[in-house]
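> How does the following fold in three dimensions:
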Amino acid sequence: MSFLGQYIPLLDTVLLAVGFAFSQQVVLRAGVFSVATAGFAAIGSYCAAILVTRLEWHPLFAMAAACLFGALTGFLLAQPLARLRGIYQAIATLAFVQIVIAVTLFAEPITGGGLGINNIPKSVGTGTLAVAVLVTAYILHSVKQSGVGRAFDAIHQDETVAAVLGISIRKYQTLAFLISGCIAGAFGGLQALNTYSIAPTTFSFAFVIMVLGYIVVGGRRSVLGPVVGVAVLTLLPELSRFMAEWRPILTGATMILISTYLPLGLADTLIARLRMRRLSHAQPEGGHSVRTPS
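Purely as a prediction, here's the structure:
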């Protein structure tokens, strides 16, 4: 048990990272180049930590508030971003993240400033994180199979065609921001209640890059993509401890190679190839399906 216990913190890190990757995946699927997940996560994390340590709220109510604040922030952020596209969305959402970090730094009486908030009672364990990941994965899979998921895909492929088909670009991209903010806020709150302390540096530019990296490596189309991306980029440094000084280079090289040669990501490329193989086996030469006698 002690042997397994030493890997619990790593497993917690992986589960939290999967949650943040899910948040990032939602907006990318809807055709929004947003990096606001770090800001949503910071808001949810500080919200839960402040409510638990300062106001002595029950962790469950603090988590609900973190989720709600994340969703509300996502909805409000989507309004001015509705007119922006592509790289301009990325710049605007990165500015949003920097504003959130600046607030956590300068609102010292509330947020603890650069030192953050410490001695947060740990009320979230590995089991809770695992359940949160499974529930989120199920919800996102259900969304993907619904009309909302199809609208997201249509907008990502071509906004003009989607608009001609009667799909409201603003409505669905706002919904994507709301869902993304809700997920990131929830997992930000879970992180605060799992790791004893939080600080502004937790949600720095490195956080932004890593969350994007999870999607680049794993893929954005399937729920499995973020899981694979997190597994690769989180476990890779652990497996390369013997070359610690080379770990950042190894991680960066992995992201570059996969984005260049497997642009769909590891999971989505594998799923696409399996689907093509299944179709090729189902259709014999001549392109006609085989009819079996009844």
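
> and stretch 249-261, which residues are buried?
For stretch 249-261, burial by neighbour count (16 or more other Cβ atoms under 10 Å) applies to Thr251, Thr254, Met255, Ile258. For every residue, glycine as well, the C-beta is placed using N, CA and C.

> So which of these are in helices?
Those of the buried residues of stretch 249-261 mapping onto helices are Thr251, Thr254, Met255, Ile258, per DSSP state H.

> Out of these, the closest to Val14 would be?
Thr251 (15.0 Å; Cβ to Cβ).

> Now do the contacts for that closest one.
Gly213, Leu233, Leu236, Pro237 (Cβ atoms under 8 Å, 6 or more residues apart in numbering).

> Give me the lowest-pLDDT entry from the residues you listed.
Least confident of the contacts of Thr251 in the model: Pro237, at 75.

> What residue, apart from its backbone neighbours, is nearest that one spatially?
Arg247 (4.8 Å; Cβ to Cβ, 6 or more residues apart in numbering).

> got it, and Val26?
Ser180 (4.5 Å).

> Tell me the gap between the strand or helix carrying the one you found and the middle of its chain.
Ser180 is part of helix 169-192, with elements assigned from DSSP states H and E. Mean-position distance between helix 169-192 and its chain equals 9 Å (Cα atoms, centre = their mean, to the nearest Å).

> again, but for stretch 91-105
Counting by Cα atoms, centre = their mean, stretch 91-105 comes out at 18 Å from the chain centroid.

> Please enumerate residues in contact with that stretch?
Against stretch 91-105 from outside (Cβ under 8 Å, 6+ apart): 34-36, 38-39, 42-43, 46, 77, 80-81, 84, 111, 113-114, 116, 200, 203-204, 208.

> In strands, which of these appear?
Of the contacts of stretch 91-105, none are assigned to strands by DSSP state E.

> Filter those residues down to the ones in helices?
Among the contacts of stretch 91-105, the members found in helices (DSSP H) are Ala38, Gly39, Ala42, Ile43, Tyr46, Leu77, Pro80, Leu81, Thr111, Val208.

> Closest to His156 out of the residues you listed?
Using Cβ to Cβ, these come closest to His156 at Leu81, 15.8 Å.

> residue contacts, the closest one?
With Cβ under 8 Å, 6+ apart, Leu81 has these contacts: Val32, Ser34, Gln89, Ala92, Thr93, Gln173, Phe177.

> can you pull out the helices in the stretch 101-250 of the chain?
Counting by DSSP state H, counting those that start in this stretch, residue ranges of the helices within the stretch 101-250 of the chain are 108-111, 126-145, 147-157, 159-164, 169-192, 205-218, 224-239, 247-261.
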